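Participant: Can you look at this prediction? I've put the sequence above it.
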Amino acid sequence: MSSREQFEAWLSSEYQWANDALNEAHFHGDDATCYYTGGDFIYDGRSCSDALFWAWRGWQESHQQGEAKCAALAAENTGLNSFVDALLSIAWHGGSADGAEIQEIALKHGLLRQEVYSADEHENQVDDPGNFEDGDPVYFRVETPATDAFLAEVRAQGVEAAAQSEQFSMWVQQGLRSFAIGLRQGDWQ
C-alpha cells in the first residue's frame, strides 16, 4: 500500500467528508510533490482539493515523525538485545562473566560509554570520587531517550485509563490526569 493509499484509508476512517472529497478530487504527482485538483465539493468553505492538500501534508509530517520514533527505538533496542544475547550465550555455554567482562560487553554493544576520569569534570558524576585518579577509565550508562519517551507514554496512557474509571471521585480523576502529564514530561520518579 502506497503512502497515498495509507493516507486516504486513514482519512476516510477519521472524517465523514473524506470519501466525498476523495471521489471529487484527482491526485497528481508523487509523495513529495503531490496535490489534489478538481471537484466542486466544498467543506467548511474550502474546496476539497485545499482540504485534501493540508490533510495530506499534516499526515505526512505525523507519519514521518512516527517513523523516526520507531527508528530511534529500534536503534536503541538493538544494542540492548545484543547485550542480552551475549550474556545468555555465555550462560548457555556454561560460562560466567565477572563485572569487568559484563562491563566490556556493555561497552561493545553501546550501552556504556568510556571516558578518561578528570576530577574537575567527573567528580560530581561518580558515586565515590575517592576511588578514581585522573586518567582512570570511567564508564557511564548511555541514555535511551526514545525508549524512555515510549515507556513514559505507555505509563501515562495506563494512568489516563484509570482516570476514566467512575470508581474514582472527580478530584482523584483530575489528579491522575495531572500525574499522566508529569509522566510524559519525565517526572515519574
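Facilitator: Received it, and whenever you're ready, just let me know what you need. No experiment lies behind these values; they were computed from the predicted model shown.

Participant: Would you double-check that Thr147 falls in a helix?
Facilitator: Yes - counting by DSSP: H, G, I helix; E, B strand; the rest coil, Thr147 is located in a helix.

Participant: That one reaches Leu73, doesn't it?
Facilitator: Yes - at 6.1 Å, Thr147 and Leu73 qualify as touching, with contact defined as CB atoms under 8 Å. For the C-beta atoms, the positions are set from N, CA and C on the backbone; glycine is no exception.

Participant: where do the contact lists of those two overlap?
Facilitator: Common contacts of Thr147 and Leu73 (CB atoms under 8 Å, 6 or more residues apart in numbering): none found.

Participant: So, low pLDDT: which residues of the chain?
Facilitator: For the chain, the stretches with pLDDT under 70 are 38-47, 188-189.

Participant: In it, where's the longest helix?
Facilitator: Under DSSP state H, the helix in the chain containing the largest number of residues is helix 48-92.

Participant: Which positions in the next helix or strand along the chain from it come out as buried?
Facilitator: Downstream of helix 48-92, the first helix or strand assigned by DSSP states H and E is helix 99-108. Neighbour-count burial for helix 99-108 flags Gln103, Glu104, Ile105, Ala106, Leu107 (criterion: 16 or more other CB atoms under 10 Å).

Participant: Turn these into TSV, including distance to Glu5.
Facilitator: Below are the buried residues of helix 99-108 laid out as TSV (distance: CB to CB, whole Å):
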residue	distance to Glu5
Gln103	49
Glu104	48
Ile105	44
Ala106	43
Leu107	45
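
Participant: so which of those comes closest to Glu133?
Facilitator: Glu133 has its nearest neighbour among those in Gln103, at 18.5 Å by CB to CB.

Participant: That closest one and Phe140 touch, don't they?
Facilitator: No - using CB under 8 Å, Gln103 is not in contact with Phe140; the gap is 11.4 Å.
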